[in-house]
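> here is a sequence together with a model predicted from it:
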Amino acid sequence: MPVQIDVFTLVPHAFGWLTEQRPLATVLGSELDLRLFGYRDTTPLRAGQIDDEPYGGGAGMVLRVDVVAAALDTTYGGVPDHRVIALTPQGRQLDQATVEDLASEERLTLLSARFEGFDERILTHLCSDAISIGPYVLSGGELPAMVLIDAIARLQPGALAKGSAEHETFSSGLEGGNEYPQFTRPPEFRGWGVPEVLLSGDHGRIDEWRREQSRARSVP
């Protein structure tokens, strides 16, 4: 069965570009099923309203808890048993170990907000997890959702050429470290050369050079 990822967002059309790109396009419909839901389609409020001013005052608009609850109720009949993840700067930092953990799930639900973020009751009562893609603030959760989807998609069978992920940054083949430098043609450009070892054809020396470079790049 494919991994099913459901995304709830104010702007479902923003994900159109992503679905046309590899590796997601390669596994979409086979190893991964992506469903997009708009909050406005199920909001219980008039005129498609989904957010409101924060209690206590302050700038920005906050995604309402009743709007998110209605979206989950309509789609799942309540809060689902599988993991529901809010994309927010206050969440735990995304790393490769987390990606691999999420990629092993059969179903995931991602919640995206805009501007000032979520009513705290969404995070407390409707979500099982909160994830951030970095220590900075964006205008919405759509880009973080795309980052997570892409990271999960490339771990699915057939997403990448065989062996492509075995020696890349954070892989077990590199002991969780950074990838070694990569070079391609031309062998010299503006006096900038390619390391001689890579042109030697000696794969033993090349492998050793790559391991050394990876270790050097991985030192904190």
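Sure, I can see it.

> which stretches of this protein have low pLDDT?
Within the chain, the stretches with pLDDT under 70 are 162-167.

> all helices for it, in order.
16-19, 24-27, 39-42, 65-76, 96-103, 120-121, 142-153, 203-218 (DSSP state H).

> neighbours around the residue nearest to R35 when sequence neighbours are not counted, how many?
Excluding the flanking residues, the one nearest R35 by C-beta to C-beta, 6 or more residues apart in numbering is D6, at 4.7 Å. For the C-beta atoms, the positions are set from N, CA and C on the backbone; glycine is no exception. Residues near D6, counting by other C-beta atoms under 10 Å, number 21.

> and the gap between the residue most central in space within the chain and G158?
For the chain, L148 is the residue whose C-alpha lies nearest the centre (C-alpha atoms, centre = their mean; 0.9 Å). Noted for L148: a distance of 20 Å to G158, by C-beta to C-beta, to the nearest Å.

> sorry, back to before: tell me the most buried of the helices of the chain?
Scoring the helices of the chain by mean neighbour count under mean count of other C-beta atoms under 10 Å gives helix 142-153 as the most buried, with a mean of 21.

> what helices or strands is it leaning on?
Secondary-structure packing of helix 142-153 (3 or more C-beta pairs under 8 Å, 6 or more residues apart in numbering; DSSP states H and E): strand 3-9, helix 16-19, helix 24-27, strand 32-38, strand 83-93, helix 96-103, strand 107-111, strand 129-132.

> mind listing the strands the last one pairs with, and their directions?
Looking back up the chat, that one is strand 129-132. strand 83-93 (parallel) (DSSP bridges).

> now do the buried residues in the strand it pairs with.
R83, V84, I85, A86, L87, T88, P89, G91 (16 or more other C-beta atoms under 10 Å).

> using TSV, lay out those residues together with distance to S172.
What follows is the buried residues of strand 83-93, written out as TSV (distance: C-beta to C-beta, whole Å):
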residue	distance to S172
R83	24
V84	29
I85	25
A86	30
L87	27
T88	30
P89	30
G91	26
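
> please name the bridge partners of the residue nearest to R35.
R35, T109.

> so what's it up against?
R35, L36, F37, T75, R107, L108, T109, L110 (C-beta atoms under 8 Å, 6 or more residues apart in numbering).

> try it again at 10 Å.
33-37, 71-72, 75-76, 80, 82, 84, 107-111 (C-beta atoms under 10 Å, 6 or more residues apart in numbering).

> do the same with L174
E166, H167, E168, Y180, R210, R211, S214, R215, R217, S218.

> the fifth one and G177 touch, don't they?
No. No contact is recorded between R210 and G177 when judged using C-beta atoms under 10 Å, the distance being 11.2 Å.

> before we move on, the earlier item: I'd like to know which of the helices of the chain is closest to G56.
helix 120-121 (12.0 Å; C-beta to C-beta).
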